[in-house]
Every structure is written in C-alpha cells, then in structure tokens.
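Quick one, fold the following:
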Amino acid sequence: MLYVLVKEQPGLLVKIYRCLNQADYKITSHHLIPNPKQGMVAVKLVIAEGDLPISFTLESQLLNIDGCLDIMYEEPNWEPSALDGKKSNQNSSDVLSKTIKATASAILNDFSSIENYVNGFRRKTDDGSAAVHMYKLGFEVGTATYKNEFSLGKPLELEKAIKRMLANAVKKFGDVSSSKRTLTIENNIFCNHRNPDSECDFTKGFVTGFLKASPKTKNVAVHNSSCRSHGQLACTFEFQ
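Numbering: from 1, shown residues only. Okay, the predicted model is just below:
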C-alpha cells in the first residue's frame with residue numbers, strides 16, 4: 001500500500017493522481033486518514049497497476065508537489081505520546097533527509113532536468129534554513145557525480161581536477177571558465193539577480209562535494225567570491 005502524508009489543501013489529491021498516472025500507475029481508490037494534529041492527513045492509495053516501492057525519481061516528483069510531506073508504505077501511527085514534540089522534530093528531519101536523497105537520485109537519473117528539480121526542492125524548504133538544505137542537496141549530487149562519472153581514472157591534483165573534471169561536470173549550470181584555482185560560471189541557472197531567493201548554495205555544495213569525493217582534493221576549501229544573484233556578472237569560486 002502507498003501512503004502520502006500531505007497538508008490539507010485544495011487540489012492536492014488531483015496533482016498526486018496526475019503524477020502517478022503519468023508514471024503509468026493506476027489508482028483504483030483512495031482513503032483519507034486524518035492526523036489529530038490539525039492540517040495534516042495521510043492519503044491511502046490503492047494501486048491496481050505499478051510496482052511498489054516506487055522509484056526514487058517518482059518519490060522526488062511527489063515530494064516536490066507543494067503540500068506533500070512524506071511517502072510511506074505502512075499506515076502511519078497517529079497515537080499521541082509524551083515525546084510527540086521530540087518525535088515531530090525528528091520526523092521533520094527524517095522527511096527532509098529523505099527528500100534530499102530522493103531529489104538527488106532524481107537529478108542523477110535525469111541530469112538534463114536538474115534546474116526543475118533544484119527549483120522544486122527550493123520551493124519546499126523553509127526560508128530560514130533554505131541555504132543549508134540547498135547546500136546539502138548540492139553536496140549530495142556533486143559527490144555522486146564524481147563517484148559515478150569521474151572516479152575511474154587516476155585522481156588529479158587540484159588545478160587539473162578543476163580544468164579537466166569539475167568544469168565539465170558543471171557545464172549544464174551555465175557558461176563555464178576556469179583558471180588555476182578559480183571556477184567561473186556566467187548565467188548560472190540557479191542564480192538570478194531578479195530572484196532574491198536564488199543563491200549559490202546549491203552550486204557551492206555541488207563543487208565542494210565533487211572535490212571532496214576525490215582523495216587528491218578532499219581537503220580543499222571552497223570560497224564563493226561572487227554570486228550573480230547579488231548583482232555580480234558571474235558566480236565565482238576560489239579553491240585553496
């Protein structure tokens with residue numbers, strides 16, 4: 001059985017159905033299981049066609065729907081306890097960690113759609129902690145990108161790693177150039193001066209995770225010296 005923990009808001013169930021139907025899942029019925037805490041409900045979905053558990057990519061697509069909080073395969077236990085506050089905080093942390101991993105997996109499976117996945121994740125994060133979570137997502141994707149695509153050859157020293165590997169890994173982000181210990185991205189798709197919420201946090205996380213995944217560059221410090229969303233011409237990273 002598939003359960004989707006959601007906020008109570010109009011139109012959300014239609015979006016969940018549409019997402020699953022587009023992935024060739026056939027839903028025969030649903031049942032709402034309310035949480036005693038106001039504003040939350042678990043949607044129990046009866047699946048006629050489609051394998052469970054669903055893929056990380058599909059999990060990410062569901063969790064990137066505004067109002068979807070978690071994916072479960074067993075009926076949630078709403079029983080109150082003296083530790084409710086502590087459990088609630090832990091559950092929120094677990095949901096976020098799961099969302100980061102699911103979104104990272106979806107990006108790695110469909111790197112051409114990275115902008116949509118990253119922007120979708122940004123919309124779901126709390127403004128006060130968005131920078132940290134965006135960095136964590138970037139770090140996860142950067143680490144996996146190095147391990148999956150660049151780790152087979154001999155590890156390179158920093159200057160060669162920037163030029164031969166890192167610059168190639170971020171070419172989807174914008175117009176990339178590099179010098180000995182500097183990487184510059186013009187027109188970075190994640191940073192736009194017209195959007196005050198856009199920052200270099202994901203990009204910095206990506207390049208940091210990428211470099212730390214290699215034994216030759218794991219101790220490198222990454223400094224974000226300029227950012228397009230702050231009015232500079234490009235996003236620049238310096239490495240020490």
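
how about Glu157, phi and psi?
Main-chain torsions, Glu157, degrees, to the nearest 10: phi -70, psi 160.

Contacts only, for the spatially closest residue to it that is not a sequence neighbour.
Spatial nearest neighbour of Glu157, chain neighbours left out: Lys216 (5.6 Å); criterion: CB to CB, 6 or more residues apart in numbering. To be clear about C-beta, it is placed using only N, CA and C from the backbone, and glycine gets the same treatment. Neighbouring residues of Lys216 by CB atoms under 8 Å, 6 or more residues apart in numbering: 155-158, 161.

Quick check: Lys216 vs Met165, distance?
11 Å (CB to CB, to the nearest Å).

What of Ile71?
34 Å.

Equivalent analysis for Gln9, please.
44 Å.

more crowded one of those two?
Using other CB atoms under 10 Å, the more surrounded residue of Gln9 and Met165 is Met165, with 22 against 11.

since we're on the nearest residue to the more buried one once chain neighbours are set aside, how many residues are nearby?
Nearest non-adjacent residue to Met165, counting by CB to CB, 6+ apart: Phe150, 4.8 Å away. Phe150 has 19 neighbours, counted by other CB under 10 Å.

Check Ala102 too.
Neighbours of Ala102 using other CB under 10 Å come to 24.

Would you enumerate the residues in contact with it?
By CB under 8 Å, 6+ apart, the residues touching Ala102 are 56-57, 59-60, 63.

Sketch out the helices for this protein, chain order is fine.
Per DSSP state H, the chain carries helices over the ranges 12-22, 56-63, 84-109, 114-124, 130-149, 158-161, 167-169, 201-212.

out of those, deepest packed?
Greatest average neighbour count among the helices of the chain goes to helix 201-212 (a mean of 25), per mean count of other CB atoms under 10 Å.

Quick one: list the elements packing against it.
helix 130-149, strand 222-226, strand 234-239 (3 or more CB pairs under 8 Å, 6 or more residues apart in numbering; DSSP states H and E).
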